[in-house]
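> show me how the following folds:
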Amino acid sequence: MVSCLKCKHYFNTYDPQMPRGCRLFKLKSKSFPSELVKAESGDDCEGYELSGAVAKKEAEAKSKKGFDDDDLW
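As a prediction, the model looks like this:
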């Protein structure tokens, strides 16, 4: 299952009854939008796109060298 928190289409709303939303599907819900899509269609959300900030952070984490890196020894 995809994580809405990492998706570029996810947003938090000001509505306490429907606090989570998806810009792509233009919906708000109590649960995460990906859970709603899975319940309705039976498939994982096909509109999932990794947020730019998250993608950059993951790329930086991959590029960092760790103690188990062979180049260091």
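
> can you map out the helices along the chain?
Assigned by DSSP state H, the chain shows helices spanning 33-41, 52-63.

> distance between the longest one and the chain's centre?
How far helix 52-63 lies from its chain's middle: 13 Å, per Cα atoms, centre = their mean, to the nearest Å.

> what about that helix, average pLDDT?
Regarding helix 52-63, the rounded mean pLDDT is 80.

> with just CA atoms, put it into CSV.
Output in CSV follows, covering the C-alpha atoms of helix 52-63 (Å, rounded to 0.1, in the frame of the first residue of the first chain):
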residue,chain,number,x,y,z
GLY,A,52,9.8,16.3,-4.5
ALA,A,53,11.1,17.0,-1.0
VAL,A,54,10.8,13.3,-0.1
ALA,A,55,12.5,12.1,-3.3
LYS,A,56,15.4,14.5,-2.6
LYS,A,57,15.7,13.4,1.0
GLU,A,58,15.7,9.7,-0.1
ALA,A,59,18.3,10.4,-2.8
GLU,A,60,20.6,12.1,-0.2
ALA,A,61,20.2,9.2,2.2
LYS,A,62,21.3,6.8,-0.6
SER,A,63,24.3,8.9,-1.5
